[in-house]
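Student: the sequence and its predicted three-dimensional model are supplied below.
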Amino acid sequence: MRDAMPKWADLVLIPLVSLVLAFALSALVILAIGEDPVAAVRMMVSGALGSTYAWGYTLYYATNFIFTGLAVAVAFQARLFNIGGEGQAMLGGLGVALICLSLPWPHWALALPAAALGAALFGAAWAAIPAWLQATRGSHVVITTIMFNFIAAAVLNYLLVNVMRPIGAMDPATAKFPPGTHLPSLHDLLAPFGIAFSRAAPANITFLIAIAACVLVWLVLWRTRLGYEIRAYGHSEPAAIYAGIRPVRIVMAAMLISGALAGLMAVNNVMGEAERLVLNAVEGAGFIGIAVALMGRSHPFGVFLAALLFGFLYQGGAELALWTDIPREMIVVIQALVILFTGALDNMVRMPLERLFLALRRGRA
Amino acid sequence: MDFATALQILDSTVRLATPLLLACLAGLFSERAGIFDIGLEGKMLASAFFSAAVAAVTGSVWLGLGAGIAASLVMAAIHGAASISFRGNQLISGVAINFLAAGLTVVIAQTWFSQGGRTPSLIGAARFEPITLPLAETLHPVPILGPIYHELISGHTLPVYLAFALVPLSWWVLNRTRFGLRLRAVGENPEALDTAGVSVAATRYAAVAICGVLCGIAGAYLATALQAGFVKDMTAGRGFIALAALIFAKWRPWQAMGATLLFGFLQAIALRYQNIDLGGVVLPVQVMDALPYVLTVVILAGFVGRAIPPRAGGAPYMKER
C-alpha cells in the first residue's frame, strides 16, 4: 500500500486536499455566523499582504511559527510528540530576559548570539526532564510535556510577579531591556538597499535566523549521522535498536534540539518585539507549531511554507477582528481544522486518493 | 485555622473537585478502552458553552444540560471517528478538539449574544440550585457532626451528588459487568476480543460516547452550577488536571475520586489564600497551581508507585485480513 501513490501526491496533494477541506469548513463557519467568506478572504489578503506594514506583522508571526513548527517537526521525526513547545518557549523567554538584563550590552550584534544561546539552553533544559523520563522511565512524553507547560506558566507567573518585576511597577513584567539589546527591524535591514519597509512593524532580524534554522535543521536531519539515527528511530524502533542505535541517546537528542528550537522563538517575540518579558508572551505559538509541523509534513521547507501560511492567517485574522464581526478566535477554529484534517483525519483524505491512484494505474496497465 | 474555616475549605474542595471527578471518570472509560483522550478539556468547554447558551435562552437548566451533553457528544464523535474508524493519531485528534472548542465557543458566543464571548448571566431555573438534604436544618445544632452534615454534605447541587454516585457505579460497571470486562479487554488486548466475536470498534465507540456524556455533565456543571454562565476558556485547564488525576489514580475509579479531591483541595487552598506561611517558609500561590502537575510527573516517572497505562492505549486496531 505504501507505493499506491507517487511521492508528489503524498507530499503535496494530500496536505493540499486537507487544507482545502479545512478552509471550506472554515468558510461554512463564517457563513453560519452571517458574514461573507469571500469578503473575509479579501480583507485578510489586504490586511496581511497589502502593505509592508502588513507584511511586517505576517513575517513576525511566521518567525515565531517557524521556530515552534521546527521544534515539533524534529521531535516528530523521532516519532515523539512534543506538545511542550509553549512551555519551552516561555522558558526561552526567561533565558533571553536574564541575559539581556544582566549585562550592559554595548551592541545588539553581541547581545543577539548570547541571548539566542540563553533562549536555546533554557528551552532545551525545559524539554530535558520529559525527555529523560521518556527515555529512561518510559513516561509518556505527551503527558509530561503538557504538565511542564502548566508548570512553566506557574514558574513564570511567580518570577514575574514576585522576583523580576521592577520595584514600583504594577504589571507583572520585567524591566525594559537596555537599548544595546534592541534588534534591528526589517526596516533597518532593508533601508541600506533602498527598500522602504514599514518602521512600525515588528518583523526583525530574527526572521533571517529562522530561515537559517530551517536550513540547519535540514542539514542535521538529512546530512548527519545523528539525523539519520533520529529518522531511523522514528521509522522503526526495533530496526534502529538492531542497527546499534541507542534509543536513550536519540530521544534525548531529538527532544533537546526540539526544546532549543522552541526556546529560540523568544529571540523574536521577547527580544525583537516586546523588548521585555511579559506574562503569556508566547500567546499559543507553541501550539500553532503542531499545526505547522503537521501541514509541513515535518520537513523544514514544508514548515517554512506552513509557518508563512499561519503568519498570514494570524495577521489576517487580527484584521478581520478589527474591521468585521468575525472574532479573533476564528483563527483558532481554522488552526483546529488544519490539525484535525492534516493530522488526525489523514487517512480519511488518504484512503480515497490511494484508491483513485490505484484505479488510474490499473486503467493504464 | 478554626473549625468553620476548615469546613468552608472542604466544602469548596467538593465543589471544585466535582468537574475534575466527572472529567476524570470520562477519561477513565475512554482510556481503559484504549482510546487516549487529551480532548477532555475541549469537550467540557463545548458543553459549558452550549449548556449555558441554551439555559440562558430557554430558562431551563435541564435543556441546558441536554444541549451540553449533545455538544460534548459531537466532539466525542469526531474523536471516535478519527481514532477508531480512520485509525488516526489519538493525541493529535485530542489537540484538534481542544482548539476547535476553544475557538468555536467564542465565535458562536459572540455571534449569538454579542457580549465579548460570554453568555448572559444565568438566574433562577436556568441554574442548578443547591439541594438541602433532609434534616440538615434540624441537625445543625448538633456539635461537630451537625455542621459537617449541614455545610459539607448537604447544600450542593445535583451534579455534585451525581458525580460522587458515579464513582461506585463506574467501579461496578467496569469490574462486575460483561460490558465492563469487554471494555477493559479492548484496552488491553483487542485481538482477544475480536477473536471472541465482539466488535472492537463498537466497544470503543461506546466507551468514547460514555466519555462524551460525562464530559458534557462536567461542562454543564461548570457553567450552570459552579458559575452562572459561560466565559471564554472557562475550563481553565481542568481537563488537563483531570487527565493528571487519571494517571495519579492509575486508571481506577475510587482512586480517581481520591486524586480529584486532592487536586480540588489544592485549588480550594489556592483560591482562599494567596501565600501560605508554613512556620517561616512562605509558599507562594503558584506552588498550589503547579502542584497537581508536578505530582503527576513524579507519579509518571515511577518513583512513587508506577502508573502503567492500558496496554493497547493509543494504538488503532487493525483487523487481520
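Tutor: Ah, there it is.

Student: count of neighbours near the closest residue to B:Phe248 other than its chain neighbours?
Tutor: Closest residue in space to B:Phe248, ignoring its immediate chain neighbours: B:Ala259 at 4.0 Å, by C-beta to C-beta, 6 or more residues apart in numbering or on different chains. (Each C-beta comes from the backbone N, C-alpha and C, glycine too.) B:Ala259 has 28 neighbours, counted by other C-beta atoms under 10 Å in any protein chain shown.

Student: please apply the same query to B:Ala125.
Tutor: If you count neighbours by other C-beta under 10 Å, B:Ala125 ends up with 14.

Student: follow-up on the earlier one: dump the residue contacts of the residue nearest to B:Phe248.
Tutor: B:Cys24, B:Ala244, B:Ala245, B:Leu246, B:Phe248, B:Ala249 (C-beta atoms under 8 Å, 6 or more residues apart in numbering or on different chains).

Student: now whichever strand or helix holds the first one: buried residues?
Tutor: Okay, so that is B:Cys24. Assessed by DSSP states H and E, B:Cys24 sits inside helix B:3-32. With burial defined by 16 or more other C-beta atoms under 10 Å in any protein chain shown, the residues of helix B:3-32 counted as buried are B:8-32.

Student: which residues are contacting stretch A:40-55?
Tutor: A:30, A:57-58, A:196-198, A:200-201, A:203, A:311-313, A:315-320, A:322-324, A:326.

Student: average model confidence for that stretch?
Tutor: Across stretch A:40-55, pLDDT averages out at 92.

Student: again with stretch A:343-358
Tutor: Mean pLDDT, stretch A:343-358: 88.

Student: strands along chain B, start to end?
Tutor: Secondary structure of chain B (DSSP state E): strands located at B:275-278, B:281-284.

Student: got JSON lines for the ones you listed, with mean pLDDT, mean neighbour count and distance to B:Leu226 too?
Tutor: Shown next, in JSON lines, are the strands of chain B (pLDDT from 0 to 100; neighbours: other C-beta atoms under 10 Å in any protein chain shown; distance: least, C-beta to C-beta, whole Å):
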{"stretch": "strand B:275-278", "mean pLDDT": "71", "mean neighbour count": "11", "distance to B:Leu226": "24"}
{"stretch": "strand B:281-284", "mean pLDDT": "79", "mean neighbour count": "12", "distance to B:Leu226": "25"}
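
Student: tell me, how many residues neighbour A:Ile14?
Tutor: Using other C-beta under 10 Å, A:Ile14 has 19 neighbouring residues.

Student: that one: what's it in contact with?
Tutor: With C-beta under 8 Å, 6+ apart, A:Ile14 has these contacts: A:Asp346, A:Val349, A:Arg350, A:Leu353.

Student: turn those into CSV, including distance to A:Met330.
Tutor: Formatted as CSV, the contacts of A:Ile14 follow (distance: C-beta to C-beta, whole Å):
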residue, distance to A:Met330
A:Asp346, 24
A:Val349, 23
A:Arg350, 28
A:Leu353, 28
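
Student: the residues you listed also near chain B: which ones?
Tutor: Under the cut-off given by C-beta under 8 Å from any C-beta of the partner chain, chain B has A:Asp346 from these close to it.

Student: pLDDT score for residue 215?
Tutor: If you meant another chain, say so; for now it's chain A. Looking at A:Val215, its pLDDT is 97.

Student: chain B, not that one
Tutor: Per the predicted model, pLDDT is 97 at B:Cys215.

Student: how about it: what's its closest non-neighbour residue?
Tutor: Per C-beta to C-beta, 6+ apart, closest to B:Cys215 is B:Lys43, 3.7 Å.

Student: can you check A:Leu190 too?
Tutor: In space, A:Leu190 is closest to A:Phe197, 4.5 Å off (C-beta to C-beta, 6+ apart).

Student: pull the contacting residues for the residue positioned nearest the centre of chain A.
Tutor: Residue closest to the mean C-alpha point of chain A, counted by C-alpha atoms, centre = their mean, is A:Thr68 at 2.4 Å. If a contact means C-beta under 8 Å, 6+ apart, then A:Thr68 has A:Gly85, A:Ala89, A:Leu261, A:Ala262, A:Met265, A:Ala285, A:Gly286, A:Ile288, A:Gly289, A:Val292 as its contacts.

Student: let's see that with 10 Å instead.
Tutor: Applying C-beta atoms under 10 Å, 6 or more residues apart in numbering or on different chains, we find A:Thr68 in contact with A:82, A:85-86, A:88-89, A:258, A:261-265, A:282, A:284-293, A:303, A:307, A:310.

Student: which of the residues you listed fall in helices?
Tutor: Residues of those located in helices (DSSP state H): A:85-86, A:88-89, A:258, A:261-265, A:285-293, A:303, A:307, A:310.

Student: which of the residues you listed are close to chain B?
Tutor: A:Phe287, A:Ile288, A:Ile290, A:Ala291 (C-beta under 10 Å from any C-beta of the partner chain).

Student: from those, which single one is nearest A:Gly272?
Tutor: Ranked by distance to A:Gly272 (C-beta to C-beta), those are led by A:Ile288 at 17.7 Å.

Student: please report how far that closest one lies from B:Val95.
Tutor: 11 Å (C-beta to C-beta, to the nearest Å).

Student: what's the answer for B:Gly229, then?
Tutor: 27 Å.

Student: swap in B:Asp233?
Tutor: 16 Å.

Student: quick one: which of these two has more around it?
Tutor: The residue with more neighbours, out of B:Asp233 and B:Val95, is B:Val95; 28 against 16, by other C-beta under 10 Å.

Student: wait, that one touches A:Ile290, no?
Tutor: Yes - at 6.0 Å, B:Val95 and A:Ile290 qualify as touching, with contact defined as C-beta atoms under 10 Å.

Student: what is in contact with the two at once?
Tutor: Residues within reach of B:Val95 and of A:Ile290 at once, by C-beta under 10 Å, 6+ apart, are A:Phe81, A:Ile83, A:Gln335, A:Ile339, A:Gly343.

Student: closest one of the contacts of B:Ala259 to chain A?
Tutor: B:Ala244 (6.5 Å; C-beta to the nearest C-beta).

Student: what sits against the closest one?
Tutor: Contacts for B:Ala244 (C-beta under 10 Å, 6+ apart) come out as A:143, A:146-147, A:150, B:20, B:24, B:237, B:259-260, B:263, B:292-297, B:299-300.

Student: tell me the confidence at it?
Tutor: On the pLDDT scale, B:Ala244 gets 87.

Student: interface residues of the stretch 1-150 of chain A facing chain B?
Tutor: Within the stretch 1-150 of chain A, the positions lying close to chain B (C-beta under 10 Å from any C-beta) are A:26, A:29-30, A:32-35, A:81, A:83, A:129-130, A:132-134, A:136-140, A:142-144, A:146-150.

Student: could you redo the last one with a cut-off of 8 Å?
Tutor: Residues of the stretch 1-150 of chain A found near chain B (C-beta under 8 Å from any C-beta) are A:29, A:33-34, A:81, A:83, A:129-130, A:133, A:137-140, A:142-144, A:146-148, A:150.

Student: shaky segments in the chain?
Tutor: Reading this off chain A. Flagging of chain A using pLDDT under 70 yields the residue ranges A:1-3, A:365.

Student: that's the other chain; I wanted chain B
Tutor: B:1, B:303-307, B:320-321.
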